[in-house]
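A.B. asks: Give me a model of this one.
(chains A, B and C)
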Amino acid sequence: TTSPQGLFCSLADFFFEYETPRQVLVRNRRVGVVCRLIQLGVLGYIIGWVFIYEKGYQSTDTAVSSVFTKMKGVGYTNVSGTERVWDVADYVFPPQGDASFVVMTNYIVTESQQMGKCPEVFLSLKRKTLNVSVQGQMTGVCVNATKTCEVLAWCPVEDDHTIPDPPLLMSAENYTLFIKNSITFPLFGVTRSPMLNKTHYYAPYSRKLTAPLCPIFKLGDIVRLSGFSFETIAKVGGAIGIVVDWTCNLDANVKHCKPQYNFHGLYGNPAEPDKAKASVGYNFRYAEHYMENKTQKRTLFKVFGIRLDIIVQSLARKFDIIPTLTAIGSGVGIFGVATVVCDLVLNLKFRFELKLGYNFFNFDQLVQCPSKVCIHVGA
Amino acid sequence: TTSPQGLFCSLADFFFEYETPRQVLVRNRRVGVVCRLIQLGVLGYIIGWVFIYEKGYQSTDTAVSSVFTKMKGVGYTNVSGTERVWDVADYVFPPQGDASFVVMTNYIVTESQQMGKCPEVFLSLKRKTLNVSVQGQMTGVCVNATKTCEVLAWCPVEDDHTIPDPPLLMSAENYTLFIKNSITFPLFGVTRSPMLNKTHYYAPYSRKLTAPLCPIFKLGDIVRLSGFSFETIAKVGGAIGIVVDWTCNLDANVKHCKPQYNFHGLYGNPAEPDKAKASVGYNFRYAEHYMENKTQKRTLFKVFGIRLDIIVQSLARKFDIIPTLTAIGSGVGIFGVATVVCDLVLNLKFRFELKLGYNFFNFDQLVQCPSKVCIHVGA
Amino acid sequence: TTSPQGLFCSLADFFFEYETPRQVLVRNRRVGVVCRLIQLGVLGYIIGWVFIYEKGYQSTDTAVSSVFTKMKGVGYTNVSGTERVWDVADYVFPPQGDASFVVMTNYIVTESQQMGKCPEVFLSLKRKTLNVSVQGQMTGVCVNATKTCEVLAWCPVEDDHTIPDPPLLMSAENYTLFIKNSITFPLFGVTRSPMLNKTHYYAPYSRKLTAPLCPIFKLGDIVRLSGFSFETIAKVGGAIGIVVDWTCNLDANVKHCKPQYNFHGLYGNPAEPDKAKASVGYNFRYAEHYMENKTQKRTLFKVFGIRLDIIVQSLARKFDIIPTLTAIGSGVGIFGVATVVCDLVLNLKFRFELKLGYNFFNFDQLVQCPSKVCIHVGA
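C.D. replies: Numbering: from 1, shown residues only, chains lettered A, B, ... in the order given. Okay, here's the model as predicted:
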């Protein structure tokens, strides 16, 4: 009926009644044990793995971070008697302290180049095409003296066949790198940056390479820890990644949220020789331009150096109700799967036992376990 | 009771008993078919979509990557008889092979500027404020010859009204770009970097632009594939993104984990004219400083160039037990929804049939399907 | 039986039969209310929190983005009578408009340095090691005049004890920064970049700092909004992060997908004094090299400046069937938990009431609620 009180009644029913399936109790040891074990396994998985191991009750966030760097140290070269020192303004590219920069450790200098025509330098590798030069614009003239073609180029053309060995700036080993890094976890509103302590700052360098709050490293240590020999990499150059790892559990005190520093040669693990080969060898060219008696000249440097890429990895975890309930929810779902499995086991048993065809309901027992309908299977 | 054996009994009960709901069997074709179809649909969704299509059984990870670049090629300009070549040290900014850099394709040079007072260059656009100049510090004097104000600036002031057309360095089309890229999936501990093969390295360039293991591209090809005309972009400059896409299924052999290279003009798709307009036009100024008879001078370049941003996208997938069980769990949950729906359908039927008020339980039949309580609805 | 028609029958059974648990109806107000409330709570959580608040029905994606910048404005210095202007080519490092760059606001210049031997400048801080200098290579000679050691270095050695105050380039306050930013959400195939409108572009600057489609900002405003005093940061330098926040709901019209710009001092919140101290002070050195009568000389700049890091944060949400069904699935799972709780409550009641041992099944009532087995608990 749709009369008001009828409506009220059904509403009252909805509120004051509660439905729950009553159970059939199957007293059977084998089935019981199997099912309990399955259920305990599922329960163990949910609590042990999802919650304790995988921390399914936490939500995660990655950080917005910023990194600056500052090198310190002075290099010294003595090439055929002419002494020279190299300071930060000379050996760091680019100068403004980026997260990715190059420290010059070796170089081939070609001084006072100017526009003109001069012979190519002989290349050990055969040119793929006859009329294209990698050194300049070909004029079509051949030079007997050098057995090469004449090119319009910055003359004299750079000759980079012999790389200085030992590297000119072995002193780079003692340079120090200071990493200024700050991160923010927007989701949790947490900002962290290693405390800058002036005394730390001016300390020559920290040998404890994982010192999380005093990130000053010796270049030599960085190279060694990344699995290279300093002399090799200093000679031909190479690339090293410095991974700053901020893995923080923000349910603990935020002051435990400290970075870890890992150093690895880019292009794979130097332990694997083929990859290691690929991983060394990094160079680039740059020029200093100047005017000399109204003609533009330049000093060309082929720079071999250690390229440092500072890569910030971050992962913060904090308790959150959503993933917790989601984990519980799907856990319960899996529990359902276990029950289904048990039913299958059980039904197989029944199919067999019903062959005996025996009285199923035994109402005397209903009083003993009134909330259940009881079945005794077997003895 | 809380006595020891009482405790033991209940513990034994817990272990050796197992509860499962016995079912009421509803023999009714329409309801049966509807429910089976719903359930099959859900099953199909879980297996087909979540598992096969969305790979719900895998966990994902993004990579830590590092990218270096190396341009090769020589440019040649002949401006009013003075020939000049441009090598890597001249046309790449910054020089040290970053993932984001600019290749100069056109320029406006203003030579031997020095501090002084000189008239502004007339701007096509009306100045917003009278006493601020974008060219220098105003002295308050007006110059009749040019009908502009006098400014303290690097004189002569640059006049960039006419952009050289055709671009001075059309030869940039033949430069080659070599992308040195290595990635690491920290979660799965997999590191990949295209094998560097010296013969590849010195090959003029690969025309197969998706060659994953020999990433050497011709600048002209890059521009074309990104949907621009080289001449346009070379004249006024532009920005191109090179997306290196590492989408890897690590359940397969890791050697199938290769990058794909996609090229697209930044600032949207050039197919859409309005966005394309925004997308071209990239320039910046830089100066070469020098001393000439004790006065500081500079050569100012307004550089029009192609800015290349190399963006690494990465996604690795690998089988993982957690997402698998989570997917199963929620799948079972959805299955539960299907059952609820069926009950609704069924209950509606009942409400109707009970009007007939007919004997519900028929105990004779209980022996035939003892594990169930049977109801015959309809004939 | 495995005979064909037997097989057919069981198949037919599978299709035309449907199993559902019949319920025991418990007429009890307290239990009913408790259970309804628990269930309503769970329902409210699933609908209100997971769906409406946490948008559990949407999948998310982060963007691939690219950022370029362009500074405008002219600086003017008048150091002891010698006037000089500074344009973009002079005060931006690096010149090519990267996402992370430095605007020079103050400097210490050391002119016409050349290789040679000269006394160290006295350092306020005690040297950690006697035989290492941070200024050059020590020659072992001591200079009485300055009470310091002689070093081989770029002479004269830079003396950076007194930082110019007020900063030399206070005029930097009026420079304008134009941020050219474009993003792509690969998963949803959406590309967005603020429309570039030439009239906007040449406007002196936008005071509305959150103007999403005209991202031209005054440097002074940026500094103020990041919580610093311009004069302080201009003097000793500092680092400011500009977070471009693209949080988009792509179920709405894509044109509502606009960036928000937030400015904050890096190295934590200047409100906290200790962190603020760490956050100011940013400088680097660079040199301009030139030749003078065949000797290489350089002008060394110690640059104090504002380092701007443009950080793009992005999060797009769009309806997706997978997360929707996953949320429903786990929601149903949690609903199951609620039912389990209710059963516990109920069973406790039963344990008590069964002490009375009273007739449980009342078959007369079965006709009234034939789809259920009824129990009256209490009156």
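
A.B. asks: Near A:V141, how many other residues are there?
C.D. replies: Taking other Cβ atoms under 10 Å in any protein chain shown as the criterion, the count of residues near A:V141 is 10. For every residue, glycine as well, the C-beta is placed using N, CA and C.

A.B. asks: Then the one 3 residues further on?
C.D. replies: Number of residues near A:N144 (other Cβ under 10 Å) recorded here: 7.

A.B. asks: separation between it and chain B?
C.D. replies: Distance, A:N144 to chain B, by Cβ to the nearest Cβ, to the nearest Å: 23 Å.

A.B. asks: where's that residue relative to chain C, distance?
C.D. replies: Applying Cβ to the nearest Cβ, the value for A:N144 to chain C is 33 Å.

A.B. asks: buried sites along stretch A:50-65?
C.D. replies: Neighbour-count burial for stretch A:50-65, with 16 or more other Cβ atoms under 10 Å in any protein chain shown as criterion, is recorded at A:V50, A:F51, A:K55, A:G56, A:Y57, A:Q58, A:S59, A:D61, A:T62, A:A63, A:V64, A:S65.

A.B. asks: Let me know the average pLDDT across that stretch.
C.D. replies: Along stretch A:50-65, the predicted confidence averages to a pLDDT of 82.

A.B. asks: follow-up on the earlier one: which ones among the buried residues of stretch A:50-65 come in contact with chain C?
C.D. replies: Checked against chain C using Cβ under 8 Å from any Cβ of the partner chain, the buried residues of stretch A:50-65 yield the following neighbours: A:V64.

A.B. asks: of all the buried residues of stretch A:50-65, which comes closest to chain B?
C.D. replies: A:V50 (6.8 Å; Cβ to the nearest Cβ).

A.B. asks: who's in contact with the closest residue to that closest one other than its chain neighbours?
C.D. replies: Sequence neighbours aside, A:G56 is the residue nearest to A:V50 in space, at 4.2 Å (criterion: Cβ to Cβ, 6 or more residues apart in numbering or on different chains). Contact partners of A:G56, counting by Cβ atoms under 8 Å, 6 or more residues apart in numbering or on different chains, are A:V50, A:P323, A:T324, A:T326, A:A327, B:I322.

A.B. asks: what about A:K297, neighbour count?
C.D. replies: Here the count is done by other Cβ under 10 Å, and A:K297 has 19 residues near it.

A.B. asks: Name the residues of the host helix or strand of it that are buried.
C.D. replies: Counting by DSSP states H and E, the element that carries A:K297 is strand A:295-319. Of the residues in strand A:295-319, those with enough neighbours to count as buried (16+ other Cβ under 10 Å) are A:296-314, A:316-318.

A.B. asks: which of these come close to chain B?
C.D. replies: Answer for the buried residues of strand A:295-319 near chain B (Cβ under 8 Å from any Cβ): A:Q296, A:R298, A:L300, A:V303, A:R307, A:D309, A:I311, A:Q313.

A.B. asks: Of those residues, which is the nearest to B:T146?
C.D. replies: For B:T146, the nearest member of those is A:Q296. The distance, counting by Cβ to Cβ, is 29.0 Å.

A.B. asks: ok, that closest one to chain C distance?
C.D. replies: In this structure, A:Q296 lies at 11 Å from chain C, with Cβ to the nearest Cβ as the measure.

A.B. asks: Can you tell me the closest non-neighbouring residue to that residue?
C.D. replies: The spatial neighbour of A:Q296 that comes closest, neighbours along the chain excluded (Cβ to Cβ, 6+ apart), is A:H289 at 6.4 Å.

A.B. asks: wait, isn't that neighbour in contact with A:K297?
C.D. replies: Yes. A:H289 is within contact range of A:K297, at 7.4 Å (criterion: Cβ atoms under 8 Å).

A.B. asks: Could you name every residue contacting both of those two?
C.D. replies: Common neighbours of A:H289 and A:K297, using Cβ under 8 Å, 6+ apart, do not exist here.

A.B. asks: which sections of chain A are below the confidence cut-off?
C.D. replies: Scanning chain A with the threshold set as pLDDT under 70 gives A:1-3, A:5-6, A:9-10, A:12-32, A:123-133, A:194-213, A:267-280, A:336-379.

A.B. asks: What separation is there between A:G116 and chain B?
C.D. replies: As for A:G116, its distance to chain B is 10 Å (criterion: Cβ to the nearest Cβ).

A.B. asks: which one is A:D320 nearest to, not counting chain neighbours?
C.D. replies: Computed as Cβ to Cβ, 6+ apart, the closest residue to A:D320 that is not its neighbour in sequence is A:S59, at 3.6 Å.

A.B. asks: residues contacting the residue of the stretch 201-350 of chain A found nearest chain C?
C.D. replies: Across the stretch 201-350 of chain A, the shortest distance to chain C (Cβ to the nearest Cβ) belongs to A:G329, at 3.0 Å. The neighbours of A:G329, taking Cβ under 8 Å, 6+ apart as the test, are B:G329, B:S330, B:G333, C:G329, C:S330, C:G331, C:V332, C:G333, C:I334, C:V337.

A.B. asks: Please identify the helix or strand for the nearest residue to the second one once chain neighbours are set aside.
C.D. replies: Okay, so that is B:S330. Nearest non-adjacent residue to B:S330, counting by Cβ to Cβ, 6+ apart: C:G329, 2.9 Å away. For C:G329, the enclosing helix or strand under DSSP H and E is helix C:321-354.

A.B. asks: then stretch A:138-157 to CSV, C-alphas only?
C.D. replies: What follows is stretch A:138-157 as a C-alpha-only set of coordinates in CSV (Å, rounded to 0.1, in the frame of the first residue of the first chain):
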residue,chain,number,x,y,z
MET,A,138,86.3,22.9,-49.0
THR,A,139,88.0,25.2,-51.6
GLY,A,140,88.7,22.3,-54.1
VAL,A,141,92.4,22.8,-53.8
CYS,A,142,94.7,20.0,-52.7
VAL,A,143,97.8,20.5,-50.6
ASN,A,144,100.7,18.2,-51.4
ALA,A,145,102.6,18.9,-48.1
THR,A,146,99.8,17.3,-46.0
LYS,A,147,98.1,15.2,-48.6
THR,A,148,94.8,16.7,-47.6
CYS,A,149,92.3,19.1,-49.0
GLU,A,150,92.4,22.8,-48.4
VAL,A,151,89.4,24.2,-46.4
LEU,A,152,88.1,27.6,-45.5
ALA,A,153,88.1,27.5,-41.7
TRP,A,154,89.4,28.9,-38.5
CYS,A,155,93.1,28.4,-39.2
PRO,A,156,95.2,26.7,-38.1
VAL,A,157,92.8,23.8,-37.9
